[in-house]
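Participant: What follows is a predicted protein model with its sequence.
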Amino acid sequence: MTEAPLVWQRVPQGWIELVAFDDDEIAEKWWQRYLASGEGIVDESVRAAMTTMFHGARSALRGSPYAIAGLLPYVHDEPTVFFLGTTVLPAAADGRATRAAGSLAGLVRFGDEMRTETFVALDGRAGSASLGVATTDDGTAVAAITGEVPLPGDSGTVFVLALSLDPERLDELAPYAALALDSTILLTPGQQPPAYPPAAASDAERAECSA
């Protein structure tokens, strides 16, 4: 029996992963290692509150369609929290893909100033994203980005939902949504992820710097 491919993504430093660990015991060990990195810096009451948040968020996302989803504490200027969730959808002809994309996009309602932009991934894939201030089901205003781009080899579609609890941080949220969209790939079991950014993109950047 062929094993299912694994979803891989480059995540930023400080990332708190919520759904990739199916096993609660493994998730708890990962979380304790995460907390250990702040030992002597973060006091015990904050660590306890973060642990409650971690377990609550994992429970809330259990059974969601996300392959990778997590929180990023963003501490520049006024601290806030970013959420990014990534779903890999099957070929567009599959009706499940349409339903899944629709359910994720429906988690937020964009305001009148929402804009849609196209972009090109580092390896040349063309995608699109919608950006703006949106409202969640409970009425909370957030900065939001929904984006999609084909997987390498047209084996499906990467769909990303990115949110900031501070609706004024849309421009700061955008690079993290771009990283999720650009870096997500499928790996066969045992396969090592390639270098990121791709070598061709790195060579192009070096050429520009030396021009």
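Facilitator: Thanks, I have the structure now.
Participant: tell me which helix or strand of the protein sits lowest on mean pLDDT?
Facilitator: Of all the helices and strands that make up the chain, the one with the lowest confidence by mean pLDDT, DSSP states H and E is helix 199-210; it has a mean of 50.
Participant: What degree of burial does Arg47 show, as a neighbour count?
Facilitator: Each residue near Arg47 was counted by other C-beta atoms under 10 Å, and the total is 13. In short, each C-beta sits where N, CA and C put it, glycine included.
Participant: For it, which non-adjacent residue is spatially closest?
Facilitator: With C-beta to C-beta, 6 or more residues apart in numbering as the criterion, Arg47 has its nearest non-adjacent residue at 5.6 Å, and that residue is Leu35.
Participant: Assess the claim that the one you found and Met50 are in contact.
Facilitator: Yes. With contact defined as C-beta atoms under 8 Å, Leu35 and Met50 form a contacting pair (7.2 Å).
Participant: intersection of neighbour lists for these two?
Facilitator: Shared between the contact lists of Leu35 and Met50 (criterion: C-beta atoms under 8 Å, 6 or more residues apart in numbering) are residues Val42.
Participant: ok, the spatially most central residue of the chain to Thr184 distance?
Facilitator: Most central in the chain under C-alpha atoms, centre = their mean is Leu84, positioned 3.5 Å from the mean C-alpha point. Spatial separation of Leu84 from Thr184 under the definition C-beta to C-beta, to the nearest Å is 11 Å.
Participant: what is in contact with these two at once?
Facilitator: Common neighbours of Leu84 and Thr184, using C-beta under 8 Å, 6+ apart, are Val160.
Participant: re earlier: residue contacts, the residue nearest to Arg47?
Facilitator: The neighbours of Leu35, taking C-beta under 8 Å, 6+ apart as the test, are 42, 47, 50-51.
Participant: now it, what's its secondary structure?
Facilitator: In three-state terms, and counting by DSSP: H, G, I helix; E, B strand; the rest coil, Leu35 is helix.
Participant: per-residue pLDDT, it?
Facilitator: pLDDT for Leu35: 90.
Participant: Would you tell me which helix is longest in the chain?
Facilitator: Longest helix in the chain, counting residues (DSSP state H): helix 44-61.
Participant: and the next element down the chain from that one?
Facilitator: strand 68-74 (DSSP states H and E).
Participant: Tell me which residues of that following strand come out buried.
Facilitator: By 16 or more other C-beta atoms under 10 Å, the buried positions in strand 68-74 come out as 68-72, 74.
Participant: from these, which is closest to Gly153?
Facilitator: When those are compared for distance to Gly153, the smallest value, 19.1 Å, is given by Ile68; criterion: C-beta to C-beta.
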